[in-house]
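Student: Give me a 3D structure for the following:
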Amino acid sequence: MFSARNFLHLLLLCTVSVISFFLGARQQTSITNTISIIKEGKDNIKSKERIRNNSKYRSTYHVPKLIGGYKNYNETLTSHIRKKRQSFHRIAPDCFCPKGRSNYIFYTDCPEGKNHTNLGAGIKDRMNILRHLMWYADELCAKIVLACTPKIWLSEAHGCFVPSNALWTDYFTPMRNVSGFVSKADIILSTDEVAKTQFDDTDIIVSDHGPSVYEYEIARKRSKNKSKPFVWVFDKNFWSTDLYTPRFTWPKQNLNHRTYTEDCSMVDFDTSEELLLIGQMLLDSLGLEKSEDYATLHLRRKDWDKCDTSPSVVVDYLKCSLQGQHIKNLIVMTNGGDGYFNHLRKEFQIAFPKLRIVPLDRKIGSESFLEELDTEGLLKSHTMEQFKEDNCFKFSAEKVLMEFASFHLERGHNHCQKCDRGGSFSYGAMI
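Tutor: Numbers count the residues shown, from 1 in each chain. Next comes the predicted model:
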């Protein structure tokens with residue numbers, strides 16, 4: 001007989017089943033959403049990897065870079081440089097913002113600025129900050145206005161005694177790969193006062209949060225809604241903001257951003273035409289005709305003591321990294337002194353008797369090279385005395401050799417491996 005007690009028991013079981021059903025459905029929905037988000041993230045990463053791997057241009061120096069040297073080792077370096085010079089005379093169509101850029105990112109955290117939080121640094125650090133800003137600028141359909149000139153933003157502590165009239169275009173050129181053609185990208189404006197007049201009739205985006213993910217999302221929504229043009233004031237050291245989160249892969253943040261494609265790449269930096277020609281003269285003076293002739297090695301000392309760059313450790317690193325390679329020359333860049341390099345060369349020649357090791361810093365500062373440089377009249381932005389004193393400019397000329405090398409090795413700062421066979425790679429910038 002069906003008692004009241006049995007009825008209540010049955011009712012309780014049904015209630016529990018119904019609740020479990022809805023909780024399970026809700027949990028399943030949550031899981032589905034989570035999977036969707038993770039999948040989207042993986043798709044974005046795969047897309048970026050595909051762009052890197054399929055690009056006609058490469059660099060072992062900075063992985064996100066899409067505009068490095070050519071892979072065709074059958075061509076001479078002279079041919080590579082001729083093609084690169086042609087790219088400097090093309091203006092890339094703005095494939096990411098085809099309707100134009102009416103917004104601005106105004107970066108003001110300069111060492112001479114009011115309440116600044118940013119001390120001077122080297123050229124690589126500054127380029128890495130600008131890489132991130134260009135990434136934001138694409139999503140926001142904005143141009144970048146720099147209040148920081150090379151004179152005040154590059155550090156004399158790094159040996160960068162910059163001429164007061166130097167421009168950023170003397171040190172690098174923003175470039176974009178559009179449908180296989182690498183060309184100049186018009187994204188960074190002049191640092192002079194004239195650029196600021198373009199802020200007229202715009203809204204200013206500032207908040208108590210300072211430059212942050214919060215402000216980025218405000219700017220992004222305004223750009224997406226095509227509201228009144230705005231200026232996003234970036235008045236804080238980039239590395240101290242929540243926009244930089246090293247746990248994520250390039251560009252070191254997990255933000256909403258449209259996807260780049262093989263026909264419309266991110267903007268990255270190439271050298272300037274002036275530096276390219278100085279680099280070509282270095283290659284010629286060293287008798288290097290093809291990429292396969294040499295590899296480059298950058299050893300950072302003094303500013304990063306956690307990585308052992310003593311000669312014996314470096315030679316052990318090279319024994320592994322150069323194994324199976326068929327180069328004839330190793331071009332070395334280091335801020336170590338003459339005593340350090342002489343010790344390194346001695347141990348290197350014992351380990352690699354058939355290879356030539358060349359101290360590029362000595363070469364670019366030698367009287368014979370400086371005389372040839374003066375004779376050829378290649379210097380445009382610097383006088384000869386200014387060239388001697390500006391290590392950031394000389395290092396930028398040396399990077400031309402890094403780009404065209406068969407591979408590049410890096411040791412120091414945040415890249416310190418026991419072996420980098422075939423080249424050093426970093427998912428993120430080597431700053």
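Student: drop to CA atoms for contacts and neighbour counts, all remaining ones
Tutor: OK.
Student: Which parts of the stretch 51-200 of the chain are helices?
Tutor: Under the criterion DSSP state H, counting those that start in this stretch, the stretch 51-200 of the chain contains helices at 77-87, 123-140, 150-153, 193-196.
Student: send the alpha carbons of the second one over as PDB?
Tutor: Only the C-alpha atoms of helix 123-140 are listed here, as PDB (Å, rounded to 0.1, in the frame of the first residue of the first chain):
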ATOM      1  CA  ILE A 123      67.800  50.900 -27.500                       C
ATOM      2  CA  LYS A 124      66.400  47.300 -27.200                       C
ATOM      3  CA  ASP A 125      64.300  48.200 -24.200                       C
ATOM      4  CA  ARG A 126      62.800  51.300 -25.900                       C
ATOM      5  CA  MET A 127      62.000  49.300 -29.100                       C
ATOM      6  CA  ASN A 128      60.200  46.600 -27.000                       C
ATOM      7  CA  ILE A 129      58.000  49.200 -25.400                       C
ATOM      8  CA  LEU A 130      57.200  50.700 -28.700                       C
ATOM      9  CA  ARG A 131      56.400  47.200 -30.100                       C
ATOM     10  CA  HIS A 132      53.700  46.900 -27.500                       C
ATOM     11  CA  LEU A 133      52.400  50.400 -28.200                       C
ATOM     12  CA  MET A 134      52.100  49.600 -31.900                       C
ATOM     13  CA  TRP A 135      50.200  46.400 -31.100                       C
ATOM     14  CA  TYR A 136      47.700  48.600 -29.100                       C
ATOM     15  CA  ALA A 137      47.700  51.200 -31.800                       C
ATOM     16  CA  ASP A 138      46.500  48.700 -34.400                       C
ATOM     17  CA  GLU A 139      43.500  47.500 -32.300                       C
ATOM     18  CA  LEU A 140      42.600  51.100 -31.400                       C
END
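Student: Any buried residues in it, and which?
Tutor: 123-125, 127-134, 136-140 (16 or more other Cα atoms under 10 Å).
Student: Of the helices of the stretch 51-200 of the chain, give the one that comes closest to residue 371.
Tutor: helix 77-87 (21.8 Å; Cα to Cα).
Student: got the domain boundaries for the protein?
Tutor: 89-270, 272-411 (automatic domain parsing).
Student: closest to residue 420 among the buried residues of helix 123-140?
Tutor: Using Cα to Cα, residue 124 comes nearest to residue 420 of those, at 20.9 Å.
Student: Make JSON lines out of the domains of the chain and add distance to residue 76 and mean pLDDT.
Tutor: As requested, the domains of the chain are exported to JSON lines (distance: least, Cα to Cα, whole Å; pLDDT from 0 to 100):
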{"stretch": "domain 89-270", "distance to residue 76": "19", "mean pLDDT": "87"}
{"stretch": "domain 272-411", "distance to residue 76": "5", "mean pLDDT": "93"}
